[in-house]
Structure formats: C-alpha cells, structure tokens
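Undergrad: I need the structure of the sequence given here:
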Amino acid sequence: MHRFDCRKRTSYNQMSLDNARLANLRTQLLGRVLGSSSLCLVLLILALLGGFSTSAQVSPKKNILILNEVGLSHSLTDVMTREIVNGVESAKGPAVEFYSESLDSLSLSGKPSLPDTRDWLTKKYAGTQLEVVVAIGPDTIKFVADYADNIFPGVPVVICGSAADQAGNPNLGSRFTGTWQKREPGKTLKAALLLFPNTRHVFVVGGNSVYDRVVMAATKAFFNSNPGGVEVAYLENMEMAALLEKLKKLPENSIVFFTSFFQDSVGNRFLNATQALPMIASAANAPVFGMSDTYLGHGIVGGNLMDFQEQGKVTSRIVSRLLDGEKAENIPIETLSSTFMFDGNELQRWHIPENRLPSGSIVLFRKPPAWEMAKRFWVVTLLSLLVFSIIFAYLYNSQRRLTLAKEKEKHLSSKLMNAEEKERRRIASELHDDFSQRLAVLSLGLENVDEATPPSFTDVHRQLHDLVKSTSDLSTDLHTLSHQLHSSTLESLGLVPGVAALCKEFTATQGISVDFTSTDVPRSIDSDTALSVFRIVQEGLRNLKKYSGTGQAKVDLRVKGDRLEVTVRDEGSGFDLKGLRTNQGLGIRSIEERVRSLGGKFELRSEPGKGTTLRASLPLEAGGEPRGTAASA
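TA: The predicted model follows:
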C-alpha cells in the first residue's frame, strides 16, 4: 500500500509554545506591579485566563484525506491533487493538513482486497479527525461508495476524476458531493472524422491494468452501440513491442483512439501519458486521438477532452466550502462538460488547418504561422540592426572625437615645442649677442685697469687677474649655454656635424667620453626631424650625466628604410622601469612628446646594473603640418 503525508502549515505545538511564552511574560510583569503579597493569587488567575486565551486563539487543524487509485505517477492524479492542494491552501481559511493514500490497483493482477483496504484505512485514521475525504478516480469512488456505511462515517466525501459510467453509476448518499466528468467518445470520433473524412478504420488502443480494462470496457460499450460507419478494431491484451509493430503497419485511412495504457499483457508497466502514449503516437502511422486533457502534448491530435485541471479547481472550491462549514447535502454533484481541445504541433504534423476544427475549439502548443515567424524574425533582425547601428554610431563618434582630440593635442604640442624652440633661439641670441659682448667689454676693461696699475700693487694685480679669468670663464659658460639652447652648427652644417659637435662639447665640458657614429645619414634632413634628434641626444646625454655614473657613452645615428634611428647607450648603473612612470621627469616626457608629434616610435630599456638604452625612430620626412607653419599660424 503506497501512502504519504503532505503537511503544509505551522504546527499546533509551536503556536501553543509562543502563546505560553506571552502568558508567562504577562504574569511576571503583573506580579512585579501588584507585589509579592498577592502574587500567588494573581498567578493562579492569569494562568487560568491565559489557558482559556490560548485555547481560543489557536484554531484546530482541518485534516483532509485524498484517496486515489493509481498514485501520482498517473498524470490525472497528479494534476487533480496539485490543483486541489493549491486551491485549498490559497483560500483564506483555517490551517489545513493533507494526507494522501493510493489503492495501488495498478500493482495487482486482479482487483485488490477491498475489505482489507477498508480495514487498514479505518485502523490508520481511527485517531485522526477528518474533515473531508476526496476520492479521485472511478475505482476509488466505487470503493468509498460500496463501504460508505462503515468507512469514515459522517465525513463528507468529494468525488472527482471520473465519469459516472466509469465508476459504475454508483448510488451515492447525502454525504457525497463533487463533480463527474462527461465522457463523450462520440464527439471525439465525430471530430476525428471531420478532420479525416476518408477514415475507414478506427483502432482502439488500451492496456491490461485494472484501470486500463475499466476504461476500455466503457469505450467498447460506446463503439459497439455507435460504430459511426467505420470499422472498429481493439488492440488490447498485447505486449508493448508487438503493439508498436502493429501500429507501424496500419492500413490507409486509419485513426487511433487511445484510452489508457499502464500495463501490457506480460506485466510491463508504463507511465500512461508521459511514457506509453508518446511511444504509441511515435510508432503509429495514423493520427492518434484521446479523451483526456492530460494527453495533450504527448502525441494525441486532440478530441472532446475531459478537462481534469479545471475539475481539480472546481473540487478545491467544494472542499473549501465544506471546511467553512457548509453541508455536503447542500452541494449537489455537478457534471462537467468536456471541451474540444487540440495540439497545435500535431495539427501541423497532419496538415490540418484550424478552420476545420469544431466551433469553440481550444488549440494549445500552437506554432505561429510561417509569415508570422518571418515577421517576428525580421522585426527582431531590424531591432537588432537598429541597436547595433546605434552602438556603432556611438563608438564611431567616440573614436572620431578621440582622434580629433589626439590631433588637437598633437597640434598643440607642436605649437608648444615651436614656441619653446623660438624662446630658446631668442635667449641664445641674447646671451651670444648681448651678454657675451658685454662680458668681453668688461674683460677688456679689467685688462686695461691691470695695465694702468703700478707694478708695486701686487695684490691688486692678482685680484684683477682673477676677475679677468672669472669673466672669461663666465663668457665661456654663456657661450656653452647659448649653444645648448640653440645650435647654430645644426642650422649651418646639418644634423650629423651638429650632433658630432654636441658630443665633442659634452666630452670636453663633462669629462664623459662619447663615442659618436653615423651610418647612411643624408646631409639634407627635414628640419623638424633634425631638431628633434638633436634634442633627443642632448636630453639623453644630460640624463646620462645625472644618473648613469659611468664615464663612457655611445651615440649612433643610422637610416633604416624611410626612418632615421637615433640611439643613446651607456653601461652605467641603470634603473627599474617599473618606477619610471611615478618618478618620470620632464626630460623623458619631452622626448616622448617630440617623437609622438612626428609620428615616430620611442623605446627606453634599462635594468639595474646593466645600463640604459634610449632609442627613437623618426620618419625622414616629417608628416603633417611643418612646424614653421604651425608656429606662424
């Protein structure tokens, strides 16, 4: 005997515990207020009142027993039970506890021992106060009706999940209420013949379980009395494999009428709607019809179907009315009509247009027509294209704005460097033409004073000689500074002589030997490129003096293709490039900016203890607007 309990609400013991805690808290508070002299009397009174209050606040559970005959493996039972439980629990009513028992008629070769089943149920639920018993399925209804006098006496019984003829048209007493389904095989056959007017053969398929035989017997009773002008054959008492082979070779102009199939002739068991029906529908070379809404989506075309989902909802409302205190005798048993329902996928499979269906038919699992699918496809495609176009336009606009910003930055950088070079040239000119001349005049004057001073003033002659020497050194320094700010050699002789002179001057003034080499460098080079290379070497040597700690360096100029490459290398102390960005000075940034503005590439390599290599690659012909033009704009 298969059975299980479904408990859904807060337990009575937990509610009692919470109320007891509240009562205890009230007792303590009032005890403190009234004082110890009257505490015992107050405690006794509050305990009595608290007990009555707790009993009044807690509503007793309402117990419902659901009886079925084939268990939840049967889709009909599953649908009905789910709708009943959900419907009752969603209603605003008392706390409910559900119990479920199955007669398990499928597991027996013959009818179960009904007296034993009755005695077992009576004994199990002797101590449980049941409010309602729900009987699902024809055998269950017949069982409860046959033993109505001595099973669950006085408890209202709600019937569902069966047609009256399936249950043997039982005589039900006043405590029975619920719903019957209306089985109308004739309407299903009429609909099938409407959709397939050339039908000559109807093959009725059924299994060998007790439930299968009951359904088949009721179906036979109809077809034997209403053949409908077609030849009817019954495929029953067969092994599943043999049945499938038979269904593959049905004659033309045939249809299949599926009843129920839980077990074949050799005892193999199947899930009716979700296992046996799909196997049968897939094997059959003819359309399959049925009479239950639970078969839709598993292989049947459709038919006049018993709507068990709707019946479950109606049943849940009847159960709720009984829980609210309404009498079963005041709720008459209702017979629910079947509904024409069809599977849209099967209609397409058998090329049946929907306009041929009976009036008021419901079509489920409908696939949209080709034109509608195409319309949806194009709508989705156009929307996708629109979205992608917007994204592309946004990205393109952002890229364009970024490019323009970079161009403006490059142009501004070029202007700034032009302005810097102009200022360098002006300052160099001032130093050379003004301050150097004035220092020369000062030096000459000091020499004249020295000559006019009597020889006896030895100290004065010594001081004058020192001043002349200082003036000469200052003039030399100003000349060097002027040359660093603006090299006239670069303008008059070209890049290679200009860089060579810079290296010689650096060697002479700084005491660091610079080995300069050049390879295939033309005499005529774009002025912007030449000036940038000169400044790169100048800055590289300046940094070498500051940080390398070495006495030797190498400077190399060479042409590779259409680019001029300049390298400044030393074997000094080197440094860690990871810290360059945070400690980078203006010199390296200036080099990077110069190279970038001319469309070149800049590279800096260094490791602690392994020296430093600075390399820049610039186009021989500077692209874009010449600097002179930019500066004068």
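Undergrad: what are the ranges of the helices in the stretch 501-633 of the chain?
TA: Taking DSSP state H, counting those that start in this stretch to define them, one finds helices in the stretch 501-633 of the chain at 527-543, 580-583, 586-597, 627-632.
Undergrad: Which of these has the lowest mean pLDDT?
TA: Comparing mean pLDDT across these, the weakest is helix 627-632, with a mean of 32.
Undergrad: quick one: buried residues of stretch 185-205?
TA: 185, 187-193, 195-196, 199, 201-205 (16 or more other C-beta atoms under 10 Å). Where you see a C-beta, it was placed from the backbone N, CA and C, and this is true even at glycine.
Undergrad: tally of neighbours for the closest residue to residue 331 other than its chain neighbours?
TA: Nearest non-adjacent residue to residue 331, counting by C-beta to C-beta, 6 or more residues apart in numbering: residue 177, 4.3 Å away. As a burial measure, residue 177 scores 25 neighbours (other C-beta atoms under 10 Å).
Undergrad: Kindly confirm my reading that residue 177 is in a strand.
TA: Yes: assigned with DSSP: H, G, I helix; E, B strand; the rest coil, residue 177 falls within a strand.
Undergrad: list the contacts for it?
TA: Contact analysis of residue 177 by C-beta atoms under 8 Å, 6 or more residues apart in numbering lists 156, 157, 158, 159, 318, 322, 328, 329, 331, 332, 333.
Undergrad: Let's see that with 7 Å instead.
TA: For residue 177, the contacting residues are 156, 158, 318, 328, 331, 333, by C-beta atoms under 7 Å, 6 or more residues apart in numbering.
Undergrad: For residue 459, state which of the residues you listed is nearest.
TA: Set against residue 459, the nearest of these by C-beta to C-beta is residue 318 (134.4 Å).
Undergrad: Do you know the pLDDT at that closest one?
TA: Looking at residue 318, the pLDDT reads 95.
Undergrad: which residues of the stretch 101-250 of the chain fall in strands?
TA: Ranges of strands within the stretch 101-250 of the chain are 130-136, 157-160, 176-181, 201-205, 231-235, based on DSSP state E, counting those that start in this stretch.
Undergrad: Run the chain-centre distance for the fourth one.
TA: Counting by C-alpha atoms, centre = their mean, to the nearest Å, strand 201-205 is centred 49 Å from the centre of its parent chain.
Undergrad: Start at 13, not 1
TA: Sounds good: first residue 13 from here, last item strand 213-217.
Undergrad: Format the CA atom coordinates belonging to that strand as CSV.
TA: Output in CSV follows, covering the C-alpha atoms of strand 213-217 (Å, rounded to 0.1, in the frame of the first residue of the first chain):
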residue,chain,number,x,y,z
HIS,A,213,-10.7,2.1,-39.7
VAL,A,214,-10.6,3.0,-36.1
PHE,A,215,-8.1,1.2,-33.8
VAL,A,216,-8.8,1.5,-30.1
VAL,A,217,-5.7,1.0,-28.0
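Undergrad: residues in contact with that strand?
TA: Contacts of strand 213-217 (C-beta under 7 Å, 6+ apart): 231, 235, 242-247, 262-263, 265-271, 273, 292.
Undergrad: Minimum distance to residue 568: which of the strands of the stretch 113-262 of the chain has it?
TA: Among the strands of the stretch 113-262 of the chain, strand 213-217 sits nearest to residue 568 (C-beta to C-beta), with 95.2 Å.
Undergrad: quick check: domain ranges of this structure?
TA: As assigned by automatic domain parsing, the chain contains the domains 71-193, 197-317+349-379, 385-498, 516-645.
Undergrad: show me the contacts for the residue nearest the centre of the chain.
TA: Computing the C-alpha centroid of the chain and ranking residues by C-alpha atoms, centre = their mean puts residue 396 first, at 19.0 Å. Contacts for residue 396 (C-beta under 7 Å, 6+ apart) come out as none.
Undergrad: Averaging pLDDT over each of the domains of the chain, report the lowest-scoring one.
TA: domain 385-498 (a mean of 75).
Undergrad: Next, the buried residues of stretch 242-251.
TA: 242, 244, 246, 247, 248, 250.
Undergrad: Need those in TSV (columns: distance to residue 417).
TA: TSV is the format used below for these (distance: C-beta to C-beta, whole Å):
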residue	distance to residue 417
242	83
244	85
246	85
247	81
248	84
250	82
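Undergrad: measure stretch 362-374 end to end?
TA: Distance between the two ends of stretch 362-374: 17 Å, counting by C-alpha to C-alpha, to the nearest Å.
Undergrad: can you pull the buried residues of that stretch?
TA: Quick answer for stretch 362-374 (16+ other C-beta under 10 Å): 364, 369.
Undergrad: What count of nearby residues applies to residue 573?
TA: The burial count for residue 573: 9, using other C-beta under 10 Å.
Undergrad: Oh, that last question was meant for residue 512, not what I typed.
TA: So residue 512, with other C-beta under 10 Å, has 18 neighbours.
Undergrad: Name the nearest residue to it, ignoring sequence neighbours.
TA: Excluding its sequence neighbours, the residue lying closest to residue 512 (C-beta to C-beta, 6+ apart) is residue 528, at 5.4 Å.
Undergrad: is the one you found in a bridge, and if so with what?
TA: Under DSSP bridges, the beta-bridge partners of residue 528 are residue 567.
Undergrad: Would you convert the strands of the stretch 113-262 of the chain into a markdown table that also reports distance to residue 547?
TA: Formatted as a markdown table, those follow (distance: least, C-beta to C-beta, whole Å):
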| stretch | distance to residue 547 |
| --- | --- |
| strand 142-148 | 96 |
| strand 169-172 | 97 |
| strand 188-193 | 98 |
| strand 213-217 | 97 |
| strand 243-247 | 100 |
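Undergrad: All set, thanks.
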